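Enquirer: Here's my sequence, what's the structure:
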Amino acid sequence: MNVKQQTIQKKVSITGVGLHTGENVTLTIQPAPINHGYKFQRIDLENKPIIEADVDYVVDTSRGTVLEKEGARVHTTEHILAALVGLQIDNVLIQLDGPEIPILDGSAIRFVELLEEAGIEEQHSLRNYYEVTEAIHYRNDERSIELAALPLNDYRVTAMVDYNSTILHSQHAQLHAIELFKEEIAPCRTFVFLHELEALFKAGLIKGGDIGNAVVIVDKEVSEAEVESLSQLLNKPKIHVGKTGILNDAPLRFPNEPARHKLLDVMGDLALVGRPLKAHILAARPGHKPNVELAKKIKKQMLDSAKGAPQYDPNTPPVLNVNDIAKLLPHRYPFALLDKIVYLDGQTVIGIKNITMNEPQFTGHFPDNPVMPGVLQIEAIAQNGGVLVLTSTGNPEAYWPYLVSIDNCRFYRNVLPGDTLIIRCSLLAPIKLGVAKMHGDAWVGKNLVCDVNMTARLVKKAK
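Expert: Below you'll find the model as predicted:
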């Protein structure tokens, strides 16, 4: 999986009809800066409102995933989001001059090709992965639906569908490696059972439905009158119920194409968590509603984890080692108080300070009772924040980082030789005019030992 964030090199556009609204829409994908994420913009509406791809904005999951913010809606977001996830693209602005993402051929492959046509560009910031730390489950026993996100230092998805149909038997699909998304998952089209079509039309849905953008599964006996009615609904002069169980005997792209498409939908809906995931997703009989419910549970775990002790695995290679830190920060022995950086995403940084008895402060603080001075704890937190602020500039060697204020500082327990101090700093607001406001906290294991609000200022070095 990619280490750096990615966007596209140039804007690209495509025009098509919306599956449910039936409206012709032009969609334009624009490059976006680091930490922008996925955002939709309705350029046909007054003030051109922006809707973030966030599970909190989901308002409908009846036959697709619909987002709404302050009255502006975007329908059928799942396929383009799946394409972005599958290509490991992190930052784009998706502009529409209508209410719905074009359905195109009912899969994600046209979006993948469009994004590849735009070119993928690596950005100078690490991907902000969320690694699922404890198993998360969603169940609907009445409908035998079960989804889970399991801890895994990778991204895999397994899906199973079972509709108790004589035509569409139980199917499984799996994405073992995200690099295989384009070939194995992206071409798989949405599907619908013949018996659902009339009800969907009566509900005001699939106004843009066509046998060219969906696989129609014939799961019942159909009379000539019903075939004629169906031809009128789909505005197609030639429709027949084939021998394969697929309307017009349309060939499948894979024997298990329906299961693969459901896996595609899961990927698109889970993009609404807001960060790329490291997890093994298991989905038995998924749909947009259960997908969104699982996304909500993952987001809750993600937000809860941000309030507790930072995750630190000493087996994971550091983002910056002690030599890298020395190139960023001017501090040297005995005032260099960071050993490595284990996480850095432009908003948050996590650093490690190993406390040893060999450090000079323990000679006098205190004899026979070595305790790390509180001022050095603050200094270690400030140096950690300095890494965050300096790396945001793109030219860190041109600046001096200065600490200009400390507020609301508290100490909760002693820090002793042998402890590993896990230090986290997060921006409280975007850096403006070289001024950064941050919250810092330091932990030993799951115990909070110190927290503080700080303001730092970047000063350009004299030439």
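Enquirer: number of nearby residues for Val375?
Expert: By the measure other C-beta atoms under 10 Å, the count of residues near Val375 is 10. Heads up, the C-betas are built off the backbone N, CA and C, glycines and all.
Enquirer: And the strands in the stretch 251-400 of the chain?
Expert: 277-284, 340-344, 348-354, 399-411 (DSSP state E, counting those that start in this stretch).
Enquirer: ranking those by mean pLDDT, which is last?
Expert: For the strands of the stretch 251-400 of the chain, the bottom mean pLDDT is recorded on strand 340-344, which sits at a mean of 92.
Enquirer: burial measure for the closest residue in space to Glu52 that isn't next to it in sequence, as a count.
Expert: Ranked by C-beta to C-beta, 6 or more residues apart in numbering and with sequence neighbours excluded, the top spatial neighbour of Glu52 is Lys39, at 5.3 Å. Here the count is done by other C-beta under 10 Å, and Lys39 has 17 residues near it.
Enquirer: Okay, now the unreliable bits of this structure?
Expert: The chain contains residues with pLDDT under 70 at 166-167, 195, 198, 201-212, 219-244, 248-249.
Enquirer: rewinding a little: would you mind putting the strands of the stretch 251-400 of the chain into a markdown table with distance to Ile29 alongside?
Expert: Listed next are the strands of the stretch 251-400 of the chain as a markdown table, based on distance: least, C-beta to C-beta, whole Å:
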| stretch | distance to Ile29 |
| --- | --- |
| strand 277-284 | 22 |
| strand 340-344 | 27 |
| strand 348-354 | 27 |
| strand 399-411 | 34 |
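Enquirer: Would you mind putting these into TSV with distance to Leu421 and mean neighbour count alongside?
Expert: Conversion of those to TSV gives the following (distance: least, C-beta to C-beta, whole Å; neighbours: other C-beta atoms under 10 Å):
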stretch	distance to Leu421	mean neighbour count
strand 277-284	25	22
strand 340-344	12	20
strand 348-354	4	23
strand 399-411	13	14
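Enquirer: Out of those, which is closest to His75?
Expert: In terms of C-beta to C-beta, the element of those nearest to His75 is strand 277-284, at 22.2 Å.
Enquirer: Other residues contacting that closest one?
Expert: 1, 129-132, 144-160, 162, 262-263, 266, 270, 290-291, 294, 298 (C-beta atoms under 8 Å, 6 or more residues apart in numbering).
Enquirer: Helices - which of those land there?
Expert: 262-263, 266, 270, 290-291, 294, 298 (DSSP state H).
Enquirer: can you tell me which of those residues lies nearest to His176?
Expert: In terms of C-beta to C-beta, no member of the ones in helices among the contacts of strand 277-284 lies closer to His176 than Leu263, at 11.5 Å.
Enquirer: give the contact list for the closest residue to that closest one other than its chain neighbours.
Expert: Closest residue in space to Leu263, ignoring its immediate chain neighbours: Ala159 at 4.0 Å, by C-beta to C-beta, 6+ apart. Contacts for Ala159 were tallied using C-beta under 8 Å, 6+ apart; they are 172-174, 259-260, 262-263, 266, 283-284, 286.
Enquirer: and Ala159, how far is that from Ala148?
Expert: Applying C-beta to C-beta, to the nearest Å, the value for Ala159 to Ala148 is 12 Å.
Enquirer: And Ile422, by the same measure?
Expert: As for Ile422, its distance to Ala148 is 28 Å (criterion: C-beta to C-beta).
Enquirer: Compare those two (neighbour count), which wins?
Expert: Between Ile422 and Ala148, counted using other C-beta under 10 Å, the more crowded position is Ile422 (22 against 19).
Enquirer: how near is the more buried one to Pro401?
Expert: With the distance defined as C-beta to C-beta, Ile422 ends up 21 Å from Pro401.
Enquirer: before we move on, what about Ile423?
Expert: Relative to Pro401, and taking C-beta to C-beta, Ile423 is found at 15 Å.
Enquirer: what's the answer for Thr356, then?
Expert: When C-beta to C-beta is the yardstick, Thr356 and Pro401 sit 25 Å from each other.
Enquirer: Can you name the residues that contact Leu114?
Expert: Residues counted as contacts of Leu114 (C-beta under 8 Å, 6+ apart) are 12, 14, 29.
Enquirer: The second one against Arg110, yeah?
Expert: Yes - with contact defined as C-beta atoms under 8 Å, Ile14 reaches Arg110; the gap is 6.8 Å.
Enquirer: Show me whatever sits in contact with both of these two.
Expert: Between them, Ile14 and Arg110 share these contacting residues under C-beta under 8 Å, 6+ apart: Leu104.
Enquirer: sorry, back to before: would you list the buried entries among the contacts of strand 277-284?
Expert: Buried members of the contacts of strand 277-284, counted by 16 or more other C-beta atoms under 10 Å: 129-132, 145-149, 155-160, 262-263, 266, 270, 290-291, 294, 298.
Enquirer: Around Asn447, how many other residues sit close by?
Expert: Asn447 sits with 12 neighbouring residues when counted by other C-beta under 10 Å.
Enquirer: whoops, Lys307 was the one
Expert: The burial count assigned to Lys307 is 7, neighbours taken as other C-beta under 10 Å.
Enquirer: List the contacts of the residue positioned nearest the centre of the chain.
Expert: When the chain is reduced to its mean C-alpha position, the closest residue under C-alpha atoms, centre = their mean turns out to be Arg275, at 2.8 Å. Each residue near Arg275 by C-beta under 8 Å, 6+ apart is listed here: 128-130, 302.
Enquirer: Now the phi/psi pair for it, please.
Expert: Dihedral angles of Arg275 (phi, psi; degrees, to the nearest 10) stand at phi -140, psi 150.
Enquirer: How about the one 10 residues further on?
Expert: Here the main-chain torsion angles of Arg285 (degrees, to the nearest 10) amount to phi 60, psi 50.
Enquirer: Can you report how many residues neighbour it?
Expert: 18.
Enquirer: The closest residue to it other than its chain neighbours bridge partners, please.
Expert: The shortest distance from Arg285 to any residue that is not its chain neighbour, by C-beta to C-beta, 6+ apart, is 4.7 Å, and that residue is Ile145. For Ile145, the beta-bridge partners are Asn140 (DSSP bridges).
Enquirer: OK, contacts around Ile145?
Expert: Residues near Ile145 by C-beta under 8 Å, 6+ apart: 138-139, 284-287, 290.
Enquirer: And Ile8, by the same measure?
Expert: If you count contacts by C-beta under 8 Å, 6+ apart, Ile8 has them with 29-31, 89, 92, 115, 118-121.
Enquirer: Sitting in helices, which of those do you find?
Expert: With helices defined by DSSP H, the entries of the contacts of Ile8 inside them are 115, 118.
Enquirer: Just name the closest of the contacts of Ile8 to Gly418, please.
Expert: Comparing every one of the contacts of Ile8 with Gly418 (C-beta to C-beta), the shortest separation belongs to Ile89, at 44.0 Å.
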